[in-house]
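Participant: Quick one, fold the following:
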Amino acid sequence: MTREPGTAGPGAGGPATGPAAARVVVTGLGVKSPAGNTVHEAFTAVLAGKSLATAIPGLAGGPVPIGCPLAPFEPLDYFTGRELRTLDRTAQIGLAAAIDAVTDAGDPPAEGCGVYVGTGGGGFATLENLIVGHTLGREKVPVHAVPALMSSSTAARIAIRYGYRGPCLTFNTACASGATAIGEALRAIRSGTVGAAVAGGLDALLSPLVMEAFAKVGALSERLDAPAEASRPFDGERDGFVMGEGAAFLVLERADLAEARGARVYGEVSGYAANCDANHIVAPLRDGSVAAGCMRAALDDAGLAPAEIGHVNAHGTSTPHNDDAEALALRDCFGDRPGGRAGDRLRGGTPPVTSTKGVTGHLVGGAGAFEAVMALLSAREGLVPPTANFASGPAADLIDLVHGAPRRIPVAPALSNSFGFGGSNACLVLTPA
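Facilitator: This is a model prediction of the structure:
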């Protein structure tokens, strides 16, 4: 049984009334990523399915000197030199992506607009640079240090730039932060708190201290002699994720308001759910059961049955335990889905599944937002990107993993998964226009 999209279901915050029953549409998109700094560039690179990981000179001498850096980006295209001196790199790329999204949306009215931002690290790289410089006596703490360090800085700067006086909120649910921000913006529009929102996520954590910290917990790939082969979601030879940096933002609007101003619509954010494994600070619940519950709650929130999902953009980090748990969760959620490839309940019973982290690495707080954009574009085009570097593996035997080349599918809603340290799970359902 399906129900009217936009009405809340179990686990989605309670029943919807009045504005809460409204559809929430996407009218603007902006990205800054290893795959490209426009939406078209990024989607084209993701469809190509080639990893963008490389050796990074600034990390030489560290335990893991590889990563997926941002595509060439000129901050002076967006900011004055004076502004740049006050902006952490994370804020630079996040604010630039948000500016692109607002421009793409046709500058929606500022009245009744909120800002919802997710980040896992905030201004951590700036903090590292300040500590190192101060300790070595190279520099004094600058007057702009506090604004640059604030994890809420990007959200505040978006609001200030456009005069958005609705809620201005920053979320940190680790690797699920970007998806959480989009989902909470969806709820705010449904509830009538705001009529529109700029929502997304960002992180730029390719710094020596951050990389060493992730290496210490065994999260990063050690395939240092072949960086382009290191990020390999669901593959049997995977050994950890590759750190990336990037940001993505969406402009969300109540459908009737967007229609009234003649806005172009990409599709809808039609479902959202969040929960917690409550299991371990860095490890997922191994059977994937809580993550599967999050997927089901998001589908229910969208009023969709599992069989109506056209494809899944998996969290797919390329870490052994996470990919195993997510494969089990996908089988749990979609295992009884009819019409699977060759009628196999375990393998063909899921929709086509992809992980774009094989191409971009893990964007941490930016991952869920970037992957939501890619999932929506894939759903619109009816084209699922391949999972880079996949050859074979038992985790993928449980799911219908797309690899080798893009796969053509009917246009249909997509599910985008984001699962973070601390057990934070966030799932989004995106329905193409």
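
Participant: Who are the contact partners of the residue nearest to the spatial centre of the chain?
Facilitator: Residue closest to the average C-alpha location in the chain (C-alpha atoms, centre = their mean): residue 368, at 1.4 Å. Taking C-beta atoms under 8 Å, 6 or more residues apart in numbering, we find residue 368 in contact with 118, 175-182, 201, 416, 418, 426, 428. Every residue, glycine included, has its C-beta placed from N, CA and C.

Participant: from these, which ones fall inside strands?
Facilitator: Counted as lying in strands by DSSP state E, out of the contacts of residue 368, are 118, 201, 416, 418, 426, 428.

Participant: Farthest-apart pair in those, please.
Facilitator: The largest separation in these, counting by C-beta to C-beta, is between 118 and 416 at 13.3 Å.

Participant: Can you pull the residues that touch both of the two?
Facilitator: With C-beta under 8 Å, 6+ apart as the test, residue 118 and residue 416 both reach 179, 368.

Participant: More neighbours: which of those two?
Facilitator: residue 118 (38 against 32; other C-beta atoms under 10 Å).

Participant: how about the residue lying closest to the more buried one once chain neighbours are set aside, what does it touch?
Facilitator: Spatially, and ignoring its direct neighbours in sequence, residue 118 is nearest to residue 177 (3.1 Å; C-beta to C-beta, 6 or more residues apart in numbering). Taking C-beta under 8 Å, 6+ apart as the contact definition, residue 177 lies against 118, 119, 120, 171, 201, 203, 364, 365, 368, 420.

Participant: Now do stretch 304-315: distance from first to last residue.
Facilitator: 21 Å (C-alpha to C-alpha, to the nearest Å).

Participant: no, scratch that, I was asking about stretch 65-81
Facilitator: Note: stretch 65-81 ends 30 Å apart using C-alpha to C-alpha.

Participant: what's the answer for stretch 108-119, then?
Facilitator: End-to-end distance for stretch 108-119: 24 Å, by C-alpha to C-alpha.

Participant: got it, and stretch 113-129?
Facilitator: 34 Å.

Participant: in it, what counts as buried?
Facilitator: Judged by neighbour count (16 or more other C-beta atoms under 10 Å), stretch 113-129 contains these buried residues: 113-127, 129.

Participant: wait, which of these is closest to residue 285?
Facilitator: residue 120 (20.0 Å).

Participant: about what we covered before: retrieve the pLDDT associated with the residue nearest to residue 118.
Facilitator: Looking at residue 177, its pLDDT stands at 98.

Participant: Could you number the chain from 38 rather than 1 from now on?
Facilitator: Got it, the first residue is 38 from now on, which makes the last one we talked about residue 214.

Participant: how close does it get to residue 467?
Facilitator: Distance, residue 214 to residue 467, using C-beta to C-beta, to the nearest Å: 18 Å.

Participant: Over to residue 129?
Facilitator: Where residue 467 is concerned, residue 129 sits at a distance of 27 Å (C-beta to C-beta).

Participant: Show the subsequent helix or strand relative to the least confident helix or strand in the chain by mean pLDDT.
Facilitator: Sorting the helices and strands of the chain by mean pLDDT, DSSP states H and E puts helix 161-172 at the bottom, at a mean of 75. Going down the chain from helix 161-172, the next helix or strand is helix 182-186, by DSSP states H and E.
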